[in-house]
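Visitor: Pasted the sequence and its predicted model underneath.
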Amino acid sequence: MKFSTNGLIIREHHVGESDRLVTVLTRDRGLVRAFVSGARNIKGKKQAATQLLSYGNFYFVKGKDAYRITEAECLDVFFGLRDDLAKLTLAQYFCELCGVVVPEQDDAGAYLRVMLNCLKFLETDRLPIHQLKAVAEFALLTLSGYMPDTDGCHACGCEDGNFYFDPIDGVLQCETHRSPHGIPVSIGVVRAMHHITHSTIDKIFSFTLNNDGLKRLSAVSEAFVLAQLERNFTTLDFYRGLTEDIRN
Ligand SMILES: [Zn+2]
């Protein structure tokens, strides 16, 4: 079986002397794991196109029990991410998150578009880093079926006053119906959450919020990811360690 599609390399492992096993977030078939032979020795086009965070067009051939990438054309390597450790770590966290939520053998064009936009904006400093992180987290989770309910208090439906977001139940709560897990959120943060989770992909980045709001939005999206997926992310832990001084 053979096919070609565009994709982003989200994980790579060295296998044996010269092979690598990569995970590709593909447009047409979701996550695909494939071997790249000789990639460590041959400094060629295929090697550049199959390194972590490279976006390209890949030609997959199914062997006895695994796919192999036989040809690769590099379309973008997001070079600007590679000399900034915080940006690179955040990009790797987005990749790790995709490795958990993106399906296999299914159309994943929407996930790929979210990722390519996030990486491009991160590379070019087009948007604040907290905003990109929150958009990536909420958008990737919404696509995979974890959508927060942002239509007023979940218990009584009221729409004004002070809101709290419960990351475990994924719902808003008012002062009266606040649970012990509720994180205080301003109306601006609620609107931003609603915007990200209800807009088409070309619009998910188009909102503004002050810096404190963006920080809170990013804290809320992170709490939502961790609570919904019930796991930790090595890359996120590392990113937190790197940015602790900046964030506090
Ligand atoms: Zn209520």
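Guide: Okay, I see it.

Visitor: May I have the secondary structure class of the most far-flung residue of the chain relative to its centre?
Guide: What lies farthest from the middle of the chain is residue 176; by C-alpha atoms, centre = their mean that is 33.8 Å. Here residue 176 is recorded as coil under DSSP: H, G, I helix; E, B strand; the rest coil.

Visitor: Let me know whether it touches residue 157 as I believe.
Guide: No - using C-beta atoms under 8 Å, residue 176 is not in contact with residue 157, being 11.9 Å away. From N, CA and C alone the C-beta is placed, and that goes for glycine too.

Visitor: Just the endpoints, please. Distance across stretch 59-72?
Guide: Stretch 59-72 has its terminal residues 6 Å apart, counting by C-alpha to C-alpha, to the nearest Å.

Visitor: residue contacts, the residue nearest the centre of the chain?
Guide: With distances taken as C-alpha atoms, centre = their mean, the residue of the chain nearest its centroid is residue 94 (3.3 Å). The contact partners of residue 94, taken as C-beta atoms under 8 Å, 6 or more residues apart in numbering, are 115, 118, 119, 136, 140.

Visitor: so which strand or helix has it?
Guide: helix 85-101 (DSSP states H and E).

Visitor: Tell me where this protein has strands.
Guide: Secondary structure of the chain (DSSP state E): strands at 2-15, 19-26, 30-36, 55-62, 67-76, 163-166, 171-173, 183-185.

Visitor: could you say what helices and strands the longest one packs with?
Guide: Right, strand 2-15. strand 19-26, strand 30-36, strand 55-62, helix 85-101, helix 109-124 (3 or more C-beta pairs under 8 Å, 6 or more residues apart in numbering; DSSP states H and E).

Visitor: How far off centre is it?
Guide: With C-alpha atoms, centre = their mean, to the nearest Å as the basis, strand 2-15 stands 17 Å off its chain's centre.

Visitor: Tell me the confidence at the residue nearest to residue 223 when sequence neighbours are not counted?
Guide: Closest residue to residue 223 in three dimensions, ignoring its sequence neighbours and counting by C-beta to C-beta, 6 or more residues apart in numbering: residue 167, at 3.9 Å. Among the per-residue scores, residue 167 shows a pLDDT of 98.

Visitor: repeat for residue 28
Guide: We have a pLDDT of 96 for residue 28.

Visitor: pretty sure residue 106 contacts residue 29?
Guide: Yes - Residue 106 lies in contact with residue 29 (C-beta under 8 Å); the separation is 7.1 Å.

Visitor: between the two, who's got more neighbours?
Guide: The residue with more neighbours, out of residue 106 and residue 29, is residue 29; 19 against 12, by other C-beta atoms under 10 Å.

Visitor: Excluding chain neighbours, what is closest to the more buried one?
Guide: Excluding its sequence neighbours, the residue lying closest to residue 29 (C-beta to C-beta, 6+ apart) is residue 105, at 5.7 Å.

Visitor: burial measure for the residue nearest to residue 114 when sequence neighbours are not counted, as a count.
Guide: Nearest residue to residue 114 in three dimensions, chain neighbours excluded: residue 139, at 4.8 Å (C-beta to C-beta, 6+ apart). Residues near residue 139, counting by other C-beta under 10 Å, number 24.
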